[in-house]
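K.L.:
okay, here's the prediction I keep looking at, along with the sequence it came from:
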Amino acid sequence: MTASWSDFIQAERTANGVGRITLNRPRALNALDLGMVRALTATLLQWRDDPEVRAVAIRGMGRDGPFGAFCAGGDIRFFHQAALAGDARLEDFFTEEYTLNHLIFTYPKPYVAFMDGVVMGGGMGISQGAACRIVTERTKMAMPETNIGLFPDVGGGFFLSRCPGHVGEYLGLTGAVIGAPQALTWGLADVAAPADDLPRAWEALATLDAATPPAWLAAWQEWMARAGWQPAPAQRTVAPLPTEVESAFGEPTVAAIVQRLQAADTEAARQTKTLLRQRSPLMLHVVLAQIRRARHLSLADDLRLERDLVRHCFHPLHLGRTPAQSETVEGIRALAVDKDHQPRWSPGCIEDVTPEMVAPFFDSPWPAHAHPLRALA
């Protein structure tokens with residue numbers, strides 16, 4: 001079968017009942033647009049309800065062929081254009097993307113994500129809910145949203161807050177890029193495979209003989225073990241986050257985190273502090289509150305919170321700003337439109353952000369009965 005919503009999604013069902021999806025937008029590192037979100041959702045719903053489908057697998061197309069890139073996130077150029085134009089599809093995008101994330105996290109059949117190459121932002125949202133998350137030596141994983149004046153969405157509050165120690169705060173605030181060893185250690189991946197093994201593994205998906213989804217997953221796990229792939233450690237640990245950095249991100253405020261890094265004055269602390277000083281000061285405060293709130297939320301409630309946050313990001317009315325004056329539009333302008341890499345953040349300094357600027361981000365624009373994600377459970 002071929003997905004009908006988007007030319008950038010290729011979908012097929014193998015003879016043994018495995019649905020295989022390829023994100024096919026390599027020139028944009030498979031960044032998700034609204035058509036791709038709709039195609040993925042329609043395909044997954046169809047396969048969820050098809051008793052002949054045992055499992056689902058997803059990969060990305062690289063510039064040189066399959067694999068090499070998974071998904072770089074959402075189509076931020078579209079976000080910028082839509083925000084400036086007042087395009088209602090921007091609202092649709094986030095509502096439908098977060099609904100897709102919830103579908104994947106709660107999918108009743110095994111969902112296997114081949115997280116090779118770039119796996120960032122929205123790419124994490126369509127992979128972190130997988131029953132099997134495969135990384136390679138080429139994996140570059142991040143939630144880099146503070147670099148564009150946004151926050152780690154797509155369920156980021158949920159999965160980052162469940163990393164060990166204060167790793168979630170570190171990843172969410174800095175947007176740091178990590179590789180396979182850290183992803184395995186911090187609970188963001190299940191198994192590491194050599195990139196050269198992936199084509200063989202993709203074909204092996206179609207050879208496993210199993211009558212039920214659980215039996216298929218067990219057969220797939222046996223195949224990976226025979227291939228010698230490295231599983232994640234049984235116990236999640238904070239290492240390899242340096243001790244002084246881990247300690248700093250346990251502080252109650254962003255300003256205190258920076259002060260603690262300043263006092264530590266190690267190479268790791270200095271590098272981390274530099275990253276923080278480059279991000280949107282306002283959104284650093286929002287993200288710290290987001291991740292700490294999300295530790296106590298269900299997935300559905302976290303996604304509803306994130307839907308509230310993203311509305312305020314593009315419509316910062318409580319700050320007296322238009323969408324064009326938002327941190328997010330400015331961050332995307334600097335990174336992807338003008339590419340001057342000189343965002344004009346407001347406020348420009350971490351220490352100038354006040355609680356009154358942050359708290360309204362967490363007020364829902366909708367009553368509970370009218371929330372766009374009210375149906376999620």
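P.N.:
On my side now, so go ahead.
K.L.:
what secondary structure does Val56 sit in?
P.N.:
Classification of Val56 by DSSP: H, G, I helix; E, B strand; the rest coil places it in strand.
K.L.:
if I pick the closest residue to it other than its chain neighbours, what's in contact with it?
P.N.:
Closest residue to Val56 apart from its sequence neighbours, by Cβ to Cβ, 6 or more residues apart in numbering: Gly19 at 4.4 Å. All C-beta atoms are positioned from the backbone trio N, CA, C, and that covers glycine. Shown in contact with Gly19 (Cβ atoms under 8 Å, 6 or more residues apart in numbering): Ala11, Glu12, Arg13, Thr43, Trp47, Val53, Ala55, Val56, Ala57.
K.L.:
burial of the fourth one, as a residue count?
P.N.:
Neighbours of Thr43 under the rule other Cβ atoms under 10 Å: 24.
K.L.:
what helix or strand is it on?
P.N.:
helix 34-48 (DSSP states H and E).
K.L.:
quick one: that helix to chain centroid distance?
P.N.:
Offset of helix 34-48 from its chain centre (Cα atoms, centre = their mean, to the nearest Å): 18 Å.
K.L.:
ok, stretch 98-105 next?
P.N.:
With Cα atoms, centre = their mean as the basis, the mean position of stretch 98-105 lies at 11 Å from the chain mean.
K.L.:
cool, stretch 60-71 as well?
P.N.:
For stretch 60-71, the distance to the chain centre is 18 Å (Cα atoms, centre = their mean).
K.L.:
try stretch 206-216
P.N.:
Using Cα atoms, centre = their mean, the offset of stretch 206-216 from its chain centre is 29 Å.
K.L.:
could I get the average pLDDT for it?
P.N.:
The pLDDT scores in stretch 206-216 average 94.
K.L.:
what does that stretch rub up against?
P.N.:
With Cβ under 8 Å, 6+ apart as the criterion, stretch 206-216 contacts 14-18, 20, 54-55, 108-110, 218-220, 223.
K.L.:
let's see which of those residues end up in strands.
P.N.:
Val18, Arg20, Ala55 (DSSP state E).
K.L.:
just the buried residues from the contacts of stretch 206-216, in ChimeraX please.
P.N.:
In ChimeraX, this line selects whichever of the contacts of stretch 206-216 come out buried by 16 or more other Cβ atoms under 10 Å:
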select :14,16,17,18,20,54,55,109,110,219,220
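K.L.:
could you list the low-pLDDT ranges of the stretch 151-300 of the chain?
P.N.:
238-239 (pLDDT under 70).
K.L.:
could you pull out the helices for it?
P.N.:
For the stretch 151-300 of the chain, applying DSSP state H, counting those that start in this stretch gives helices covering 156-161, 167-174, 180-185, 198-204, 213-227, 243-248, 254-264, 267-278, 281-294, 299-314.
K.L.:
just to revisit the earlier point, from the contact counts, what lies against the helix holding Thr43?
P.N.:
Packing partners of helix 34-48 (3 or more Cβ pairs under 8 Å, 6 or more residues apart in numbering; DSSP states H and E): strand 9-13, strand 18-23, helix 89-105.
K.L.:
how about Pro66: what's its closest non-neighbour residue?
P.N.:
Arg59 (6.3 Å).
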